Each structure stands twice: as C-alpha cells, then as structure tokens.
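> sequence and predicted structure are below.
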Amino acid sequence: MCLGGDQRAVIWRGQKSPTKSIAQRFGVPPDVVRTVIHNVKDREGLNGADNIIIYDNGDIEDEFDNWLGNLCDEPGVHCGP
C-alpha cells in the first residue's frame, strides 16, 4: 500500500476510469492509471460496466468489497513524488 493506514476512505466509485483525479492524487500519469484499471478488471474477470472502488491508500475493490489489488503495487506504477 502506498498511502493511508488502517482507515481507508473512498476517493472514487464507478464504472469509468477516473484517470485525471486519481492520477493527480497518486502522482501517476493518467495513461498508467487507465491501463492499471483495465488490467485489474481483465485479470479479475470484470468488464467495463462493472463498478470498482478506489480508496485513498490505493486499494481497488469491486462493488461487493472483494479486494482486487492496489494501484501502487501494479507493475510499472510508482506512486508518489
């Protein structure tokens, strides 16, 4: 995990890629955020219409609270300054 601790706050929830806001928050280029979201959804058997939730520590979950990964742990991602 790259940010936060035991307490997490939802910073985005929905279907589409929240690339600009998430990219700014984590210091990751928007195209990388978009790729990570697509890769996570593909890896977990989700499609574009499936909702995901992104937390302030980078955790990504589906709408049923299943942990799918962490933005900062995905290949090619370096969160922060």
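Noted; the coordinates are in hand. Numbering: from 1, shown residues only.

> longest helix in this protein, please.
helix 30-43 (DSSP state H).

> run through who's touching that helix.
Helix 30-43 is contacted from outside by 17-20, 22-23, 26, 46-48, 50, 52, 60, 68-69, 71, 74, 76-77, using C-beta atoms under 8 Å, 6 or more residues apart in numbering. All C-beta atoms are positioned from the backbone trio N, CA, C, and that covers glycine.

> relative to the whole chain's centre, how far out is the helix or strand just after that helix?
Sequence-wise, the next helix or strand downstream of helix 30-43 (DSSP states H and E) is strand 52-55. Its chain's C-alpha centre and that of strand 52-55 lie 6 Å apart, by C-alpha atoms, centre = their mean, to the nearest Å.

> now for strand 52-55, which elements pack on it?
Counting contacts by 3 or more C-beta pairs under 8 Å, 6 or more residues apart in numbering; DSSP states H and E, strand 52-55 packs against strand 10-14, helix 30-43, strand 59-62.

> let's see it at 10 Å
Here strand 52-55 touches strand 10-14, helix 19-26, helix 30-43, strand 59-62, strand 67-70, going by 3 or more C-beta pairs under 10 Å, 6 or more residues apart in numbering; DSSP states H and E.

> could the C-alpha coordinates of it be exported in CSV?
Extracted C-alpha coordinates of strand 52-55, given in CSV (Å, rounded to 0.1, in the frame of the first residue of the first chain):
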residue,chain,number,x,y,z
ILE,A,52,-14.9,-0.5,-8.9
ILE,A,53,-14.0,1.4,-5.8
ILE,A,54,-10.6,3.1,-5.2
TYR,A,55,-9.5,4.0,-1.7
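
> ok, it: who's next to it in the sheet?
Sheet partners assigned to strand 52-55 using DSSP bridges are listed as strand 10-14 (antiparallel), strand 59-62 (antiparallel).

> just name the most buried of those.
Stretch with highest mean neighbour count among the strands paired with strand 52-55: strand 59-62 (a mean of 20; mean count of other C-beta atoms under 10 Å).
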